[in-house]
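In: My questions are about this predicted structure, shown below with the sequence.
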Amino acid sequence: MPLVVVNDASCLIDLRKGRLLRALCRLPFRFVVPLPIRESELLDFTPSDWAILDQGGMETHDLPPERIADAFALGRRFGRLSANDCFCLVTAQSFQDSILLTGDSLLRTVASVEGVRVHGVLWIVDQLHAAKVCERALLIEALEAWKSDRAVFLPNHLIDRQLRDLR
């Protein structure tokens, strides 16, 4: 069974900015987005964006009621997490072999405390490159776009290192 990658809004937004949504879906993983993320945080995704993800196999996951209660309990324990952060983390916990894909530093920390593997979009770039599912030039363009976008919160030194590796 393939690794389940639970997607937080921040990474999906960054991947769209980097024009990597199609390539993402070519990776040998099972991609999941929690229903609350799809319905609220990503409202600026166009129907075309969602079509790319849906046709690529992205699953929308709705937590059962008992797991929603777990998300609210997590929110009480870690008061600075948003409700959607809690839904992402509990969704990742719902699958046996999963990682949480997020760029949110607090969510990354809490996920680690909770024993959930966590990665961000730079890990996805590594995976895309290793799997050779897109052109190197597209990865370079994505990294350069992220580096110049003030709304993308990735460490420049890590972007620079990946750029050097790709060039």
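Out: On my side now, so go ahead.
In: Which parts of the chain are helices?
Out: 9-17, 21-24, 35-36, 47-55, 65-77, 83-93, 105-113, 121-131, 136-148, 156-166 (DSSP state H).
In: For Met1, which of these is the nearest?
Out: helix 83-93 (15.2 Å; C-beta to C-beta). For glycine as for every other residue, the C-beta is placed from the backbone atoms N, C-alpha and C.
In: What mean pLDDT does the closest one get?
Out: Helix 83-93 shows a mean pLDDT of 97.
In: Can you name the residues in contact with that helix?
Out: With contacts defined as C-beta atoms under 8 Å, 6 or more residues apart in numbering, helix 83-93 is touched by 4, 6-9, 32, 34-37, 40-41, 61, 63, 67-68, 70-72, 74-75, 78, 81, 98-100, 102, 104, 106-107, 110-111, 114, 116.
In: Please repeat the previous calculation with a cut-off of 6 Å.
Out: Outside helix 83-93, the residues that touch it by C-beta atoms under 6 Å, 6 or more residues apart in numbering are 6, 8, 34, 36-37, 41, 61, 67, 70-71, 74-75, 98, 100, 107, 111, 116.
In: sorry, back to before: turn the helices of the chain into a markdown table, columns for mean neighbour count.
Out: Output for those, formatted as a markdown table (neighbours: other C-beta atoms under 10 Å):
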| stretch | mean neighbour count |
| --- | --- |
| helix 9-17 | 21 |
| helix 21-24 | 21 |
| helix 35-36 | 18 |
| helix 47-55 | 14 |
| helix 65-77 | 14 |
| helix 83-93 | 24 |
| helix 105-113 | 16 |
| helix 121-131 | 18 |
| helix 136-148 | 16 |
| helix 156-166 | 13 |
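In: Perfect, that will be all.
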